[in-house]
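S.K.: Any chance you could fold what I've pasted below:
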Amino acid sequence: MASHRKSRPTPRVAGIRTPALATAALTSVALLSQTADAAPSADEKPSLEEVEKKVDDLYRQAESATEKYNAAKEKTAKQRKRVDTLLDDVAQRAQKLNEAREELGSYAAAQYRTGAAAPGTATLLLADSPQDYFDRTHLMDRLTSRQKESVDDYFAQQSETMKKRQEAAESLQTLTESQADLKAAKATVQKKLATARELLSRLTAEEKARLAAIEKREQEEAARKAAELARQQAEEQRRREREEEEQAATAPQEDTGGPSTSPSAGTGETAAPADSTYAAKAEKAIAFARAQIGKPYVWGATGPDSYDCSGLTQAAWKAAGVTLPRTTYDQVNAGTAVPLSAALPGDLVFFYDDVTHVGIYIGNGMMIHAPKPGAYVREESVYYDGESSIHSVVRPA
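M.R.: Numbers count the residues shown, from 1 in each chain. Below is the predicted model:
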């Protein structure tokens, strides 16, 4: 399925995985800040295209950090649940250990009362009668057997409790590390977004208007490519239908005096139930996604009032009864990869080499996605950031 992956000489999104590129981006931001303060010559001032690229790169890096934040948050929640379970288990085992200790104490008291610690001859001499001696001996045989079981149980409980306490301590350490990762990812997101906002705030009204014009041209080009993809997909669909019709017409028919009950080879009848099932689920997922249009992108959000990209796709397919993982890194492996030319409504379209963005395909080269901070859930061309940004297409159900 490699045909749908678009190779690029260098990744567009550095994220926090490529510190060298991230350093270069921050250096460029510092340079722009200096030029704004020092009023440099026009030749030194970054062009609007360069500013746009810097801002886009910062947004992509923020989105990469957002997915890391989502993963750390999910890991933290799971680890906290495990720690709570282990602590409850340790408490229950400690209670059983105390009960076993009390039982041993009762056996010790019984030995003292019956004189079990005394030698056999002394016990016989101290007994009121021979029958009393035999009664005591029989009782201690039984006590000795039960006592041994209690001792064994006590040491087993003690060993298991110590083991669970160690597991709880290790899980607490892992939880602490997960919380640190969560805090670091959150700080990275906030820093990238603040830098992007600062860059945009330095633009004049005229520059903002020119930047909007650049973005409009890019959107028009993306729409043109989406229309071309829709045309190609429609042609491919018509070609398949013609092939099926020809195969149905040339397939041998049995003259049984009634309609044939055997499906013709190549007609697609055997695949129809699966296709219709997926189409029905995809329709529900798309309907949900469409109902979210206009809601703001918020990093780490999973609804219902705001979403990030993977939060939206997860919620959309959940509405169709399909459970997807939380992050783009996991969602990309939660289905079957297909080429973009064969994409169906409902498929997930992933972007960038580090798989940090996702949208839900709705047909005709278009998708619904939560684009970036400061934007809203919207319908847009899958080529919104250029053809080379498309990573893969996955069918989740």
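S.K.: Okay, Asp354 and Ser64: tell me how far apart.
M.R.: Relative to Ser64, Asp354 is positioned 6 Å away (CB to CB, to the nearest Å). From N, CA and C alone the C-beta is placed, and that goes for glycine too.
S.K.: what about those two, which has more around it?
M.R.: Counted by other CB atoms under 10 Å, Asp354 and Ser64 do not tie: Ser64 has more neighbours, with 27 against 22.
S.K.: That one should be in a strand, yeah?
M.R.: No: counting by DSSP: H, G, I helix; E, B strand; the rest coil, Ser64 is located in no strand; its state is helix.
S.K.: from what I can see it touches Phe351, true?
M.R.: No: with contact defined as CB atoms under 8 Å, Ser64 does not reach Phe351; the gap is 11.1 Å.
S.K.: and Glu283, how many neighbours?
M.R.: So Glu283, with other CB under 10 Å, has 13 neighbours.
S.K.: ok, now which ones touch it?
M.R.: Ala320, Pro345, Gly346 (CB atoms under 8 Å, 6 or more residues apart in numbering).
S.K.: distance of it from Leu344?
M.R.: Per CB to CB, Glu283 is found 11 Å from Leu344.
S.K.: And the pLDDT at Ala334?
M.R.: With respect to pLDDT, Ala334 scores 95.
S.K.: Let me fix that, I meant to ask about Glu215.
M.R.: Looking at Glu215, its pLDDT reads 83.
S.K.: same question, Pro46
M.R.: At Pro46, the model reports a pLDDT of 68.
S.K.: Repeat that for Pro9.
M.R.: 41.
S.K.: Give the burial count for Ala282, as a bare number.
M.R.: With other CB under 10 Å as criterion, Ala282 counts 25.
S.K.: do the same with Ala251
M.R.: Neighbours around Ala251, by other CB under 10 Å: 14.
S.K.: hang on, the earlier thing: the contacts of Glu283, buried ones only, as a PyMOL selection?
M.R.: The buried residues among these can be selected in PyMOL (16 or more other CB atoms under 10 Å) with this line:
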select buried, resi 320+345+346
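S.K.: between the contacts of Glu283, which is nearest Lys192?
M.R.: Comparing these against Lys192 with CB to CB picks out Gly346 as the nearest, at 31.2 Å.
S.K.: Can you show me the strands along this protein?
M.R.: 336-338, 348-351, 357-363, 366-369, 378-381, 390-395 (DSSP state E).
S.K.: What is the second one packed up against?
M.R.: The reference is to strand 348-351. For strand 348-351, the contact count by 3 or more CB pairs under 8 Å, 6 or more residues apart in numbering; DSSP states H and E identifies helix 328-331, strand 357-363, strand 390-395 as packing neighbours.
S.K.: contacting residues for Arg239?
M.R.: By CB under 8 Å, 6+ apart, no residues touch Arg239.
S.K.: Can you read off the pLDDT for Tyr59?
M.R.: For Tyr59, the model assigns a pLDDT of 75.
S.K.: Where does pLDDT dip in the stretch 51-200 of the chain?
M.R.: 97, 100-101, 103-155, 157-158, 168, 172, 178 (pLDDT under 70).
S.K.: Likewise for the stretch 251-397 of the chain?
M.R.: Counting by pLDDT under 70, the ranges of the stretch 251-397 of the chain that qualify are 252-275.
S.K.: how about 90 then?
M.R.: For the stretch 251-397 of the chain, the stretches with pLDDT under 90 are 251-276, 299-300, 354, 372-374, 386, 397.
S.K.: export the strands of the chain to CSV and tack on mean neighbour count?
M.R.: Putting those into CSV (neighbours: other CB atoms under 10 Å) gives the following:
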stretch, mean neighbour count
strand 336-338, 14
strand 348-351, 25
strand 357-363, 24
strand 366-369, 24
strand 378-381, 18
strand 390-395, 21
